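[1] need coordinates for the below:
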Amino acid sequence: MQEADTRLIERLRTSDQEAFRLLFEKYQPTLFRIVLHSSYDADSAHDIVQETFIRVWNHRASLQPNLPFLAYLFRISGNLMRDRAKHLAVRRKVQPEFLGNLRPAEGDPEKSLEVKMLEEQLRELVNTKLPAKCREVFLLSRMEEMSNAEISEHLGISVKTVENQITRALKILRKHLRRYLEKGKTEG
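    Numbering: from 1, shown residues only. Coordinates of the predicted model:
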């Protein structure tokens, strides 16, 4: 690592915004190309790079000036990409479970109305049936699209607790949505 980087990292550890800007300008293009090569999606790559640098800033006091900064960026961005991939896999698995084949067909107002009503019912259930901590974890996961690791860090709880809260939320929602869907079938 260059001596200039070491000095910049030492300055960054003391919350020097100019040092952060200089490191960002130096490493952002390289990191973006690497992430883009792995994700094949420019929007996701931008998000991951931005989140990587946000984490650098948030953990600036613990930076080690003698360690390679680019390797640190790669490790953070790699973890974020893995978390995002896991989150998307779970989302693809869970979303159809609640909305099934109710995704609106192009120009089908009846299907659109069904989806809207189900989404409203889901929102109502989340707000009224889920315990507070369970609701908070579920909303961070499903609405804010945070990974389990991000939720764990954000709330100061273990990843296992996050997983348990999401499982609990899904079980409660399944139970109540089943009643809603069966009620809709008998009325229709």
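
[2] got the phi and psi for the residue nearest to the spatial centre of the chain?
    Central residue of the chain (Cα atoms, centre = their mean): Met146, 2.3 Å from the mean position. Backbone torsions of Met146, given as degrees, to the nearest 10, read phi -80, psi 150.

[3] leaving out the residues flanking it, which one is nearest to it?
    Leaving aside its chain neighbours, Met146 sits nearest to Leu140 (4.7 Å; criterion: Cβ to Cβ, 6 or more residues apart in numbering). Every residue, glycine included, has its C-beta placed from N, CA and C.

[4] that neighbour is in contact with Ser152, isn't it?
    No. Under the criterion of Cβ atoms under 8 Å, Leu140 makes no contact with Ser152, lying 10.1 Å away.

[5] what about the helices in this structure?
    For the chain, the helices defined by DSSP state H occupy 3-13, 17-39, 42-58, 69-99, 109-129, 132-142, 148-155, 159-187.

[6] turn those into JSON lines, including mean pLDDT and mean neighbour count.
    Below are the helices of the chain laid out as JSON lines (pLDDT from 0 to 100; neighbours: other Cβ atoms under 10 Å):
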{"stretch": "helix 3-13", "mean pLDDT": "92", "mean neighbour count": "16"}
{"stretch": "helix 17-39", "mean pLDDT": "90", "mean neighbour count": "16"}
{"stretch": "helix 42-58", "mean pLDDT": "91", "mean neighbour count": "17"}
{"stretch": "helix 69-99", "mean pLDDT": "75", "mean neighbour count": "15"}
{"stretch": "helix 109-129", "mean pLDDT": "76", "mean neighbour count": "14"}
{"stretch": "helix 132-142", "mean pLDDT": "84", "mean neighbour count": "18"}
{"stretch": "helix 148-155", "mean pLDDT": "86", "mean neighbour count": "18"}
{"stretch": "helix 159-187", "mean pLDDT": "78", "mean neighbour count": "14"}
